[in-house]
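Novice: below: sequence and its predicted model.
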Amino acid sequence: MAHLIKRFATPSKPELVVTYGSLDADVQELLLSAFTVRLRAYAPYSNFKVGATFRGKARGEIFSGCNVENSCFSPSSCAERTALTKAISEGEREFLAGAVVAYQPDVFTTPCGVCRQFIREFTSDNDMPIYVAQAREGRTAETPFANEDPVLCTSIFNLLPNSFHTYQI
Ligand SMILES: O=c1ccn([C@H]2C[C@H](O)[C@@H](CO)O2)c(=O)[nH]1
Ligand SMILES: [Zn+2]
């Protein structure tokens with residue numbers, strides 16, 4: 001019976017909070033792009049701006065997206081889905097890592113349930129690291145992060161364990 005749970009989405013690593021300065025340059029770059037694209041968020045209804053990025057496996061290219069709201073609310077897209085939809089439509093289907101940048105003073109902003117499932121669709125059995133940072137007040141595109149800023153290092157299998165997934169055989 002063990003084979004039935006063998007492909008269950010179990011995290012490759014536990015969640016960890018580290019400092020921005022301790023991260024590899026490619027992860028810092030992913031977070032910087034998320035900070036920058038967040039500035040383009042169309043969020044007149046919630047006033048809550050989010051930026052998300054995913055690094056494609058094929059060429060190491062960064063795909064970025066912001067949240068795009070609508071006066072009718074339901075048609076809104078989160079930043080994570082904007083970024084992934086852009087990537088898929090450009091031909092990328094595999095990703096090395098993702099990043100999310102938003103600002104709530106006392107909590108990391110992690111992807112919503114819909115986005116977790118959306119990200120899971122494009123994740124291999126090996127999990128996908130997701131880095132979450134705050135766009136702190138007063139920070140600008142010139143200096144988005146300080147070395148001592150906290151970054152949550154999580155992954156889609158931490159965020160969405162034992163997720164629904166169909167395997168194309
Ligand atoms: O991880 C998240 C959480 C929220 N939002 C958006 C949806 C909506 O536009 C606004 C407030 O929920 O933030 C995202 O883009 N990503
Ligand atoms: Zn979402």
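Specialist: Done, it's in. Given the structure is predicted, the values throughout are model-derived calculations rather than measurements. Ligands and ions are numbered 1, 2, ... in the order given.

Novice: every contact and neighbour count from this point should use C-alpha atoms.
Specialist: Will do.

Novice: check whether the longest helix anywhere in the chain comes into contact with ligand 1.
Specialist: Secondary structure of the chain per DSSP state H: the longest helix is helix 25-38. No - Helix 25-38 is not in contact with ligand 1 by CA under 6 Å from any ligand atom; minimum separation 9.2 Å.

Novice: same question for stretch 57-75.
Specialist: Yes - counting by CA under 6 Å from any ligand atom, ligand 1 is contacted by stretch 57-75 at 67, 69.

Novice: what are the buried residues along that stretch?
Specialist: Buried residues in stretch 57-75, counted by 16 or more other CA atoms under 10 Å: 62, 63, 64, 65, 66, 67, 68, 69.

Novice: that stretch: end-to-end distance?
Specialist: End-to-end distance for stretch 57-75, by CA to CA, to the nearest Å: 29 Å.

Novice: also stretch 21-28?
Specialist: Stretch 21-28 has an end-to-end distance of 8 Å (criterion: CA to CA).

Novice: shouldn't residue 132 be within a helix?
Specialist: No - for residue 132, which was evaluated using DSSP: H, G, I helix; E, B strand; the rest coil, the result is strand, with no helix membership.

Novice: so where's this structure uncertain?
Specialist: 169 (pLDDT under 70).

Novice: show me which residues of it sit near ligand 2.
Specialist: With CA under 5 Å from the ion as the criterion, the chain meets ligand 2 at residues 78, 112, 115.

Novice: follow-up on the earlier one: got the angle for the next helix or strand after the longest helix of the chain vs helix 25-38?
Specialist: As assigned by DSSP states H and E, the chain's next helix or strand after helix 25-38 is strand 51-56. Calculated by axes from the mean of the first three to the mean of the last three CA atoms, to 10 degrees, strand 51-56 forms an angle of 140 degrees with helix 25-38.
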